[in-house]
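# Structure for the following, please:
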Amino acid sequence: MTNSRDLRIRRGVQIALLGVVALVTLLSGCETDSFFNPAVVGRWEHTPVTLPILERLEVIEGEDTSSLAVTSVRPEDLIPDVREYVIGPGDLLTVTVFELVSPGLESVQTRRVDETGLIRLPIIGPVRAANLSSSELEKEIAIVLENKNILRNATVSVILQESRQNTFSVVGEPLQGGTAIGTYVIPKPDFRLLDAIALARGAPGRTKRLRIFRQTPLTAEVAGEIQPAQTSPENQPVAPAPSNPSKLIDELLEGIDESDAQAPSAPVSSKAPAAIEGGLDSSTNSPQWVFAGGKWVKVNQPVAGGATGDQIAETDELGELITQRIIEIPYDRLLDGDLRYNIVIRRGDIIRVPDPTAGFVYIMGEIARPGAYTVPGERDLTIKQLVASAGGLSQLAIPERVDLTRRIEDSEEATIRINVRSIFEGSEPDLYLKPNDLINVGTNFVATPLAIFRNGFRMTYGFGFILDRNFGPDVFGPVDTTSN
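Below you'll find the model as predicted:
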């Protein structure tokens, strides 16, 4: 009688539990996110949502106070700069002077421009070639010949054999089989970014953006220009020419006075340097310039907030020497055929190709596969992607208790708590991870009891525990083996 009553009570409890489960299922329907499992995260809503992906956390990183102005492509970046080549140190020139030595014959000399900007020619002597075009150098040699009473109305030809001024550089991670970093010659005025990347054997496949550093020296010293002397060759006294031409040649070869070579004063251009004209305006932390007194003068230098006195002084000092512009190119859109970003490469440009692998991020705590994971590139790995790559959250994870530790300086780091559940639900924006970021997924005291409660349910038994078959006779009595 007692056994029968206990059996009815047990069945009644089981029916009640099944009723509760059925009622909860009916009330919640199929949209229940989880069964007492806080580690299950996701949105699963019919309404779509669009959120930005954060690139920086201003709470711990502060505002972006970088004084480097990053600009987009401007219309003038697509226009070739067609002008005569300006000679500089290292260039190889062939100089031809008609009837310099003998009537009816040409005197041909090939010379390389030295570090001081001079070429040294027999009979003529040193001539300043730096900062002149070929046609200007031809006129300069003719003037030197006439001033020295060597040859009047000389016919001079200057041909550039090898140029070392119209160059650009490609910098990045030197990988075998990857982009060939180095310095290259610009072969034509209409030489564009895709031409430059092709010359450097391409960029890594995951590259999304490129940066081009374009700088303009503001002083002759920084530009490496040779300052001309105060007196021009035209104003120097000229000794009368001897009647014996052979004596004249001997006297010229005995000693060469370098002061004879003077460069003509360059015309002053009111056009802004390329970097200034290209986008240093009042909307950035960049110097402002006006054309006054025959040159470009800086009138204002805003300094980013929070800079120290030493930083301000250093910024002002460097700003007097050089100005620059950083052009950001959406390389993925350029490869898709958007040629609006195929800008002209100019003299001195530096193309920065990002590393194919930016570094590592680390995840620990209540995660399926903790460890170090590769950041495939800049702005290419988010928190949701990292959690998915690590196999998802473990059963004891609490998505609201996740810490992000980020290096903000070489010897300083900051930790902030983020809500991974809200990120997966779409109520908070995701964020890009940076190299050396550390994600720590936490738990709490409720997570373990909930996991035990969830694991106690079985679809065939209801709520219960697993009983080892070896201990069955101790609970249910010995097995009847005589019935057969």
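
# Val402 touches Arg417, doesn't it?
Yes. Between Val402 and Arg417 there is a contact at 6.9 Å, judged by C-beta atoms under 8 Å. Where you see a C-beta, it was placed from the backbone N, CA and C, and this is true even at glycine.

# With neighbour numbers in mind, choose between the two.
The neighbour comparison of Val402 against Arg417 (other C-beta atoms under 10 Å) goes to Val402, with 25 against 11.

# Show me what that one is bridged to.
For Val402, the beta-bridge partners are Ile418, Val441 (DSSP bridges).

# Same question for the one 5 residues further on.
In this structure, Arg407 bridges to Glu413 when assessed by DSSP bridges.

# Kindly report the same for Val171.
Under DSSP bridges, the beta-bridge partners of Val171 are Arg352.

# Correct me if wrong: it contacts Ile351.
Yes. Val171 is within contact range of Ile351, at 7.2 Å (criterion: C-beta under 8 Å).

# neighbour-wise, which of those two wins?
Taking neighbours as other C-beta under 10 Å, Val171 and Ile351 compare with Ile351 leading, 24 against 15.

# looking at it, the more buried one is touching Leu210, isn't it?
Yes. Here Ile351 reaches Leu210: they are 6.3 Å apart, a contact under C-beta under 8 Å.

# what sits in contact with each of the two?
Taking C-beta atoms under 8 Å, 6 or more residues apart in numbering as the contact rule, Ile351 and Leu210 both touch 193, 197.

# hey, where'd the helices end up in the stretch 101-250 of the chain?
For the stretch 101-250 of the chain, the helices defined by DSSP state H, counting those that start in this stretch cover 134-147, 193-199, 220-223, 245-254.

# rank those by pLDDT, which is bottom?
Looking at these, the lowest mean pLDDT belongs to helix 245-254 (a mean of 51).

# low-confidence ranges in the stretch 251-400 of the chain?
Along the stretch 251-400 of the chain, the model assigns pLDDT under 70 to residues 251-322, 357.

# now with 90?
Within the stretch 251-400 of the chain, the set of residues satisfying pLDDT under 90 comprises 251-325, 332, 347-348, 353-359, 375-380, 395.

# what are the ranges of the helices in it?
Using DSSP H, counting those that start in this stretch, the helices found in the stretch 251-400 of the chain span residues 274-277, 309-319, 331-335, 383-389.

# Show me what the third one is packed against.
This means helix 331-335. Helices and strands touching helix 331-335, by 3 or more C-beta pairs under 8 Å, 6 or more residues apart in numbering; DSSP states H and E, are strand 209-217.

# List the neighbouring strands of the strand it packs on plus their orientation.
In the sheet, strand 209-217 lines up against strand 322-330 (antiparallel), strand 350-352 (antiparallel) (DSSP bridges).

# just so I know, which of those strands lies nearest Glu140?
strand 322-330 (28.8 Å; C-beta to C-beta).

# Which segments of the protein make up each domain?
Domain segmentation of the chain under automatic domain parsing yields 1-32, 36-62+357-479, 70-81+166-222+270-352, 86-165.

# Spit out the contact partners of Asn37.
395, 450, 454.

# List just the nearest of the residues you listed to Gly202.
The closest of the contacts of Asn37, once distances to Gly202 are taken by C-beta to C-beta, is Gln395, at 46.0 Å.

# In the stretch 351-484 of the chain, mark out all the strands, start to finish.
Remark: strands assigned in the stretch 351-484 of the chain by DSSP state E, counting those that start in this stretch are 359-365, 371-375, 402-409, 412-418, 438-441, 457-458, 462-463.
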